[in-house]
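>>> here is my input, please return the structure:
(chains A, B, C and D)
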Number of protein chains: 2
Amino acid sequence: MQNNDAISATISFGNLHDAVVDRIRGMILDGALKPGEWLRMDDLATKFGVSTVPVREALRQLQAEGLVTFHPRRGAMVARISAAHYEEIYLIREQLEKLACRFAAEDFERVPMARLKQLLDEIEIAETKRDVPRRLQLVREYFFTIFSASQKEHLLRILSTLWDLSQQYRRYFSSVPEVITQRLAHYRMLYQACAARDADALSRVLDEIHTFGRTHLIPRLREEEKQNLER
Amino acid sequence: MQNNDAISATISFGNLHDAVVDRIRGMILDGALKPGEWLRMDDLATKFGVSTVPVREALRQLQAEGLVTFHPRRGAMVARISAAHYEEIYLIREQLEKLACRFAAEDFERVPMARLKQLLDEIEIAETKRDVPRRLQLVREYFFTIFSASQKEHLLRILSTLWDLSQQYRRYFSSVPEVITQRLAHYRMLYQACAARDADALSRVLDEIHTFGRTHLIPRLREEEKQNLER
DNA sequence: TAAAAATCAAATATCATATATTCGATAATT
DNA sequence: AATTATCGAATATATGATATTTGATTTTTA
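Here you go, the predicted model:
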């Protein structure tokens, strides 16, 4: 009997380590593995059809990324991220995304506008279809299409892990209608700033995006967390 | 015969993974392992008196931190960091260190001034003794004593890995007299800004520190790299 | 010079050990 | 007498060592 989740069948080349990392990270990001959930190495290994060794390595890497916490002799667990942590992560993202856009704006030729337009359209389609997971995925790709024009390896790596860490938070707000319409407006403004090759406008839009998060979303999240604790 | 480098003897509890990570990271940071050098898992394992498993895990974590690169079926190697990478890392550090100081300045009470003074004195002593490794260590501790007042877990973690990545560069300049005197002046200015509980002054000093790096050190490093390639 | 074999090390699996947790039994206290 | 607390054994699972396999590189021979 062959397990459908088995990796060995799907990945014929490359190493198991990276494949396992991607699988587990994916499961955490789309909520299949929830914060606070224990990650039993044996279970994951049999699920993926591999031994425990690549699983352990994968979990260690995810720990380094902040998505997983290790508890000595107890095992690994999906990281619990508090509202305070989200706030911190967002402030870091704000600075680094501004930096990435500054680099990108040094040469707008590197921003693939056609791809950006396509993603923007697909985001709106996903929204009309109420396909939240797909929209989240597309939005991420949209932003990173812009960030990538910075051609800054480390910056992109750090931003990528920060987006991973704030994924839960994004999913949490992905069903609030006012937030969605506001965000869609922001995405369009980003596109226009890039299309106009206007570095200042790009910077302003990014500011607006993050100010909206700071003033509207983070307080809401703090409130929500307080309610959860009281219950 | 007992190997002096053996970890098992020194670390009786906790897991080997963390101990091995610290050891290898330490060896990279103080130059015992040089950029481009292959990290043979067998060798490291026997050197530390452990099996290859914790070594592999440690190398994977260091890969996530950016200190080590993996080459499929070839092994792990100490990361080579180009002048362009240093420049990028420094620009990221600039933004994040300003952010950390902004948080720290929200409540100067959290900055342990006595400790800061002590470190500043020790830095100057280490300098008169020409003890470069110790000075590098102390300077790092000095900055992180300030950053830590931000009480921002993720920010500190990211800054820590960025300092690790720029360690080679710091060592490279640690023997240039003009750089040292300029840096010592910067450290004193940092102390004074904190002592005066002046957030603006702190921000200005940090700006000056990074501007000096950008205008004087990075170009020098680029030049050096070019010469190395020509040779 | 090219091909094949030998060698070497990483990648993965399997096996062993150590530790934390849980459950049950017994004792102690109310 | 009943309930709770504590101690110990059993179980589960992380952690670490050893063994095997796979892939790549180098060397040797035709």
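>>> count of residues packed around residue A:209?
Residue A:209: 20 surrounding residues under other C-beta atoms under 10 Å in any protein chain shown. Backbone N, C-alpha and C define where each C-beta goes, glycine included.
>>> for the one 10 residues further on, same thing?
Using other C-beta under 10 Å, residue A:219 has 12 neighbouring residues.
>>> who in chain A is up against DNA strand C?
For chain A, the residues in contact with DNA strand C (C-beta under 7 Å from any atom of the strand) are A:8, A:15, A:16, A:17, A:50, A:51, A:52, A:53, A:54, A:72, A:73, A:74.
>>> so which of the residues you listed are also by DNA strand D?
When contact is defined as C-beta under 7 Å from any atom of the strand, the residues of chain A next to DNA strand C meet DNA strand D at A:52, A:53, A:72, A:73, A:74.
>>> quick check: what element follows the longest helix along chain A along the chain?
When chain A is parsed with DSSP state H, its longest helix is helix A:83-104. Downstream of helix A:83-104, the first helix or strand assigned by DSSP states H and E is helix A:113-128.
>>> CA-only coordinates of that next one in CSV, if you can.
Below are the C-alpha coordinates for helix A:113-128, written out as CSV (Å, rounded to 0.1, in the frame of the first residue of the first chain):
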residue,chain,number,x,y,z
MET,A,113,4.8,44.7,-15.0
ALA,A,114,3.0,42.2,-17.2
ARG,A,115,3.3,39.6,-14.5
LEU,A,116,2.2,42.1,-11.9
LYS,A,117,-0.9,42.9,-13.9
GLN,A,118,-1.7,39.3,-14.3
LEU,A,119,-1.3,38.6,-10.6
LEU,A,120,-3.5,41.6,-9.8
ASP,A,121,-6.2,40.3,-12.0
GLU,A,122,-6.0,36.8,-10.6
ILE,A,123,-6.2,38.2,-7.1
GLU,A,124,-9.5,40.0,-8.0
ILE,A,125,-10.8,36.8,-9.6
ALA,A,126,-9.9,34.8,-6.5
GLU,A,127,-11.7,37.4,-4.4
THR,A,128,-14.9,37.2,-6.4
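>>> could you give the angle of the helix or strand that that helix is followed by to helix A:113-128?
Where DSSP H and E defines the elements, the next helix or strand beyond helix A:113-128 is helix A:132-148. Interaxial angle of helix A:132-148 relative to helix A:113-128 (axes from the mean of the first three to the mean of the last three C-alpha atoms, to 10 degrees): 160 degrees.
>>> could you give me the buried positions within helix A:132-148?
Using 16 or more other C-beta atoms under 10 Å in any protein chain shown as the test for burial, helix A:132-148 gives A:135, A:136, A:137, A:138, A:139, A:140, A:142, A:143, A:145, A:146, A:147, A:148.
>>> can I assume the fifth one is in contact with residue A:123?
Pointing back at residue A:139 there. Yes: proximity of residue A:139 to residue A:123 meets the contact threshold set by C-beta atoms under 8 Å, at 6.0 Å.
>>> between the two, what contacts are shared?
Counting by C-beta atoms under 8 Å, 6 or more residues apart in numbering or on different chains, the contacts common to residue A:139 and residue A:123 are residue A:187.
>>> contacting residues for residue A:136?
Contacts for residue A:136 (C-beta under 8 Å, 6+ apart) come out as A:167, A:170, A:171, A:174.
>>> can we see that at 6 Å?
Residues near residue A:136 by C-beta atoms under 6 Å, 6 or more residues apart in numbering or on different chains: A:170, A:174.
>>> could you look up the SS state of the closest residue to residue A:212 other than its chain neighbours?
Spatial nearest neighbour of residue A:212, excluding adjacent residues (C-beta to C-beta, 6 or more residues apart in numbering or on different chains): residue A:182 at 6.3 Å. What DSSP: H, G, I helix; E, B strand; the rest coil gives for residue A:182 is helix.
>>> what's the pLDDT at residue A:182?
Looking at residue A:182, its pLDDT reads 96.
>>> repeat for the one 3 residues further on
pLDDT, residue A:185: 97.
>>> so where does the residue in chain A that chain B sits nearest to fall, helix or strand?
Scanning chain A for proximity to chain B using C-beta to the nearest C-beta identifies residue A:64 as nearest, at 3.5 Å. Assigning secondary structure by DSSP H and E places residue A:64 in helix A:52-65.
>>> direction included, what does the helix or strand following that helix pair against?
Once helix A:52-65 ends, the next helix or strand along the chain (criterion: DSSP H and E) is strand A:68-71. Using DSSP bridges, strand A:68-71 pairs in its sheet with strand A:75-78 (antiparallel).
>>> on that earlier part again, what packs against the helix holding residue A:64?
helix A:16-29, helix A:41-48, strand A:68-71, helix B:52-65 (3 or more C-beta pairs under 6 Å, 6 or more residues apart in numbering or on different chains; DSSP states H and E).
>>> residue A:204: which of the ones you listed is closest?
Closest approach to residue A:204 among the helices and strands packed on helix A:52-65 (C-beta to C-beta): helix A:16-29, 29.9 Å.
>>> before we move on, back to that, could I get the helices and strands packed on helix A:52-65 in JSON lines, plus columns for mean pLDDT?
JSON lines is the format used below for the helices and strands packed on helix A:52-65 (pLDDT from 0 to 100):
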{"stretch": "helix A:16-29", "mean pLDDT": "95"}
{"stretch": "helix A:41-48", "mean pLDDT": "95"}
{"stretch": "strand A:68-71", "mean pLDDT": "96"}
{"stretch": "helix B:52-65", "mean pLDDT": "96"}
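>>> all set, thanks.
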